[in-house]
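Peer 1: Show me how the following folds:
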Amino acid sequence: MSHSHGGMDGMSGMGGMDMGSTGLFLNDNKKIAHALWYIVAAAAIIRGIRALVDHGRTILAKRKYSLRSDVPSRPSNLLTQIYHTMLAIARESTYPAMQPLKGRIVSYFTPPPLGQSLLILVYWTVILIMLWTNVFLGPSSSLYGYRWEKPAFRAGWISVTQVPLLYALSCKFNVISIVTGISYERLNWLHRWVSRTLFLTVIVHWAYFFHEWTLADFVKYQLEIMPMVKYGFGAWAVIGWMVLTGFGLFRHLCYELWLLQHLAGAGTLLWLLYVHVPSYARYNIWMAVAFVAFDRGVRGIWSIMNNLHLRAPGKGGIGFKGDIAVYAAGYMRLTVKNVDFDWRAGQHVFLSIPGRGMFESHPFTIANTRLTPRPGDFNEEETGSRDLEVFFKCHDGFTKQLQAKAQHRQAAGTSLTVNRIFLSGPWGTPPLSAIERSNCLIFVASSTGASYTMPLLEHAIQKAPFVQSISFYWVVRYATQAQWFDGRLRAAMRQLASLGVRHIQFKLFVTGPHDGADLRKLNIPADTTSEVRTCRLRSQGLPCECKSHGIRSPEETRSTLKMSEDSSSHCDEKNQSEKPVITAASVSSSSSVSTAEHDCGLKGCMNKPTLDSPSFTYALGRPISFDPLIRPAVEAAKGETVIVACGGKAMMASIRTYVAKLSDERAVHKGTGAQGIYLWTESYGW
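Peer 2: Numbers count the residues shown, from 1 in each chain. A predicted model of the protein is given here:
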């Protein structure tokens, strides 16, 4: 059979989609494919070195400094100043995020934060350069007959080289997490984007071959004589299915079903690729298998040690016991008793209850610290209860079954005891080094997000000797949710005061329906709620001295958030006869208040807030903005401010964008004297 250069000329002996069995392009393609892993390894090592430097700075700071007034997070020489300036620029470039798109389906197509988008752009640039560099052959080339096959082979190598990376990123114990110090859940987004990129490069791989076969009218014959081509198309179909179902919409419809089909698809894909690719490229498939085997092996050994209590000789038994407490509005607390392994603040565990689903395992944030403070002695620690607590809101499936069972027991006058619970973990790498070295800490959480920030607050009390300012903001729908951490928050405030922390600001925002009884149950001490919030700054719980040239209108007065029901005070004004007397009834804020950048909302008031006294307050309604909550503490900080936020995607997008804007506005570490702002966000799910 004879063909022109426009058809199948040179196809003989190439083996179809076998990635270049003649060896014409093999060496170059392998070098380029290996270069991708060199780049990934270099990026991981650089990130790992930065993590080690960050951890080392905290260790050195604790050895060198001993006073709370010390500020080790402040640059002390030209080298550290350059380092912090580079960090500030990187943070301002990566923090901003777009608000989630509106709509049940389109919300899952919201672009990732700017930092992730930039990393994806860099990854795509590397892939495109490798894909198209030196692959096009001109008519004058002696290999012109291979002009369709050369880019096809290159795309095949680029595709199969991404397979180990894809599977590594899907593992909890993976080489990238080990090297970089970034926990698996913060790499899941990258796993999804690598799979999407792989799907596209595979299209390039088969499209060039298919185009050549079409020109030569060779498609049917090629499929008959090369069975491996069919396996290749099958692998591409599996990748496409996994990419499609990988969007959040499908995961949330039925997570258990999605997980089973995803695992089945991952196994099927490896088999199809093993059959499809030639022997000299199968090391990529074996790398993927090795990554998965290592992950499953280590996780299995770890789970056996935890659940058979091998580190606690004599305890015996399998798994753990626990109690479930039911709260209003569908919230629950599970307390796992006498856990004999350690965890760090901000970590999570995978929890499985065979009686509620044999093969189901779900992640929950650990809501308490491993070590608890000794009552009355705030500078020492002791090994307290080994109980592990998690809070969650009931949805369909696993949590709904638990809720129904617990409510049934509660109606009978007893609590639900779970006799067998299996735990996997703990997992996660919270920003403990940054917290322990910081000068100012700000925690922001909504609903069950406080189960992440509360342990970190307690960790800071015990392990952060240089913190001079701590703010804790918690947005809840119902006032009754405050009972989750009420005692621990009060204890934390007492401890911070005894340690000499200069500024302590705790505030609860109640956004949903409420009544006077619920608010009275908050039982906030009178000495922290006696101030009437007569201006915007006070309405956000920021002590200040207000001076005004006039009385506000009734609309302006009603727009102020006022904190208690029983107490009242006045605002200092030039004309005492114009002093507004405002009752202490809490009301929601209104957008009718016109506020300058730094004023409090009271006409003529140009005062900035002061941070000179502890405060534990509540307000009705959502925070108007993050500015009055974050800016005063940041401006007063002598060193780095660490902001830890946990909540819904919209809230996290808002705080990311705000912090980036604030850092840029203050020209952090750019000669103004403004100190760094480090932001760490956690969202529900990942």
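Peer 1: S107: neighbour count?
Peer 2: Residues near S107, counting by other Cβ atoms under 10 Å, number 15. The C-beta positions use only the backbone N, C-alpha and C, and glycine is treated the same way.
Peer 1: Begin at 779, not 1, for the rest of this chat.
Peer 2: Understood, numbering begins at 779; the last thing we discussed is S885.
Peer 1: Tell me how far it lies from S1081.
Peer 2: 34 Å (Cβ to Cβ, to the nearest Å).
Peer 1: Same check on R1111?
Peer 2: From R1111 to S1081 the distance is 23 Å (Cβ to Cβ).
Peer 1: F1263: what's it in contact with?
Peer 2: 1228, 1232, 1252 (Cβ atoms under 8 Å, 6 or more residues apart in numbering).
Peer 1: What about these, which are in strands?
Peer 2: By the criterion of DSSP state E, membership of these in strands covers W1252.
Peer 1: and of the contacts of F1263, the nearest to P1243?
Peer 2: Taking Cβ to Cβ as the measure, P1243 lies nearest M1232 of the contacts of F1263, at 20.1 Å.
Peer 1: Spatially, what comes nearest to that closest one if we skip its sequence neighbours?
Peer 2: Using Cβ to Cβ, 6 or more residues apart in numbering and skipping the chain neighbours, the partner closest in space to M1232 is F1263 (5.1 Å).
Peer 1: F1169 versus the one you found, what's the distance?
Peer 2: In this view, F1263 and F1169 are 9 Å apart by Cβ to Cβ.
Peer 1: same thing with M1020?
Peer 2: If you measure M1020 against F1169 using Cβ to Cβ, the figure is 32 Å.
Peer 1: neighbour count winner among those two?
Peer 2: When M1020 is set against F1169 and neighbours are counted by other Cβ under 10 Å, the residue ahead is F1169, at 24 against 21.
Peer 1: name the helices or strands packed onto the strand or helix carrying L1037?
Peer 2: Secondary-structure element containing L1037, defined by DSSP states H and E: helix 1033-1054. In terms of contact count using 3 or more Cβ pairs under 8 Å, 6 or more residues apart in numbering; DSSP states H and E, helix 1033-1054 is assigned the packing partners helix 927-947, helix 1005-1023, helix 1061-1085.
Peer 1: hey, which of the ones you listed is tucked in deepest?
Peer 2: Per-stretch averages of neighbours, counted by mean count of other Cβ atoms under 10 Å, single out helix 927-947 among those, with a mean of 25.
Peer 1: between the contacts of F1263, which is nearest S955?
Peer 2: In terms of Cβ to Cβ, no member of these lies closer to S955 than M1232, at 25.4 Å.
Peer 1: Next, the buried residues of the lengthiest strand in the chain.
Peer 2: Of all the segments assigned as strand in the chain under DSSP E, the longest by residue count is strand 1194-1205. Residues 1194, 1196, 1199-1205 are the ones in strand 1194-1205 that count as buried (16 or more other Cβ atoms under 10 Å).
Peer 1: Quick check: what element follows that strand along the chain?
Peer 2: helix 1210-1215.
Peer 1: right, and the helix or strand after that following helix?
Peer 2: strand 1218-1224.
Peer 1: these two touch, right, V938 and N1062?
Peer 2: Yes: V938 is within contact range of N1062, at 4.8 Å (criterion: Cβ atoms under 8 Å).
Peer 1: My impression was that A1123 belongs to a helix - is that right?
Peer 2: No: using DSSP: H, G, I helix; E, B strand; the rest coil, the assignment for A1123 is coil, not a helix.
Peer 1: Tell me, how many residues neighbour R1122?
Peer 2: Per other Cβ under 10 Å, the neighbour tally for R1122 reads 16.
Peer 1: What of G1451?
Peer 2: Each residue near G1451 was counted by other Cβ under 10 Å, and the total is 11.
Peer 1: Please apply the same query to Y1052.
Peer 2: 16.
Peer 1: List the residues that contact it.
Peer 2: Taking Cβ under 8 Å, 6+ apart as the criterion, Y1052 is in contact with 1060, 1063.
Peer 1: So which residues of the stretch 1129-1278 of the chain form strands?
Peer 2: With DSSP state E, counting those that start in this stretch, the ranges of strands along the stretch 1129-1278 of the chain come out as 1140-1143, 1150-1152, 1155-1160, 1166-1171, 1194-1205, 1218-1224, 1247-1254.
Peer 1: Same question for the stretch 829-978 of the chain.
Peer 2: Counting by DSSP E, counting those that start in this stretch, the stretch 829-978 of the chain contains no strands.
Peer 1: neighbouring contacts of stretch 1287-1299?
Peer 2: Residues outside stretch 1287-1299 that contact it (Cβ under 8 Å, 6+ apart): 1251-1258, 1261, 1343, 1364, 1396-1401.
Peer 1: which non-adjacent residue is nearest F1069?
Peer 2: Using Cβ to Cβ, 6+ apart and skipping the chain neighbours, the partner closest in space to F1069 is A946 (4.6 Å).
Peer 1: Any stretches of this protein with poor pLDDT?
Peer 2: With pLDDT under 70 as the threshold, the chain has low-confidence stretches at 779-801, 1092, 1134-1137, 1149-1163, 1175, 1301-1392, 1463-1464.
Peer 1: Go ahead and confirm I1102 touches I1199.
Peer 2: No: the pair I1102 / I1199 is not scored as a contact, 10.4 Å apart, by Cβ under 8 Å.
Peer 1: closest one to W815 among the strands of the stretch 1129-1278 of the chain?
Peer 2: Using Cβ to Cβ as the measure, strand 1194-1205 is the one of the strands of the stretch 1129-1278 of the chain that comes nearest W815, at 25.8 Å.
Peer 1: Give me the angle between the closest one and strand 1166-1171.
Peer 2: Calculated by axes from the mean of the first three to the mean of the last three Cα atoms, to 10 degrees, strand 1194-1205 forms an angle of 100 degrees with strand 1166-1171.
Peer 1: rewinding a little: out of the strands of the stretch 1129-1278 of the chain, nearest to V1055?
Peer 2: Proximity of those to V1055 was assessed by Cβ to Cβ; the nearest stretch is strand 1194-1205, lying at 33.1 Å.
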